[in-house]
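J.: I'd like to go over a predicted model; first the sequence, then the structure.
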Amino acid sequence: MKEAAGEANMTVITIILIGIIAAIAIPLVRNAMSSSAKQGCCTNLGNQWSGGKCYTINADGTRGGEVSESEYWDEANSTCAHDISS
């Protein structure tokens, strides 16, 4: 009987630990995926992604000014703000 109670306690502890790990990992993964998507949208427009921001590229290949996030990212739909197929 003591073994069964011990196993039940370990099961509860395991479930709690899985919940804690998921609560920490999900926001980290979501943030990384969002950042990767924004980077792709920025570079698809021919811009440069650096330090978590999008920049234009000057004619001589140097980094230009910062591009407003709304120019390449649609926050409401979490997608690129442009259609590269047209």
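T.: Yes, it's here.

J.: alpha carbons only for contacts and neighbour counts from here, please
T.: Fine.

J.: buried ones in stretch 48-67?
T.: Residues 48, 49, 54, 55, 56, 63, 67 are the ones in stretch 48-67 that count as buried (16 or more other CA atoms under 10 Å).

J.: off-centre distance for the longest helix along the chain?
T.: The longest helix of the chain (DSSP state H) is helix 2-44. On the basis of CA atoms, centre = their mean, to the nearest Å, helix 2-44 sits 15 Å off its chain's mean C-alpha point.

J.: for the next helix or strand after that helix, give the mean pLDDT please.
T.: Next helix or strand after helix 2-44 toward the C-terminus (DSSP states H and E): strand 48-50. What strand 48-50 shows for mean pLDDT is 94.

J.: elements contacting strand 48-50?
T.: For strand 48-50, the packing partners by 3 or more CA pairs under 8 Å, 6 or more residues apart in numbering; DSSP states H and E come out as helix 2-44, strand 53-57.

J.: partner strands of that strand, parallel or antiparallel?
T.: Strand 48-50 has the following strand partners under DSSP bridges: strand 53-57 (antiparallel).

J.: just after the partner strand, pick out the following helix or strand.
T.: Counting by DSSP H and E, what follows strand 53-57 is strand 63-66.
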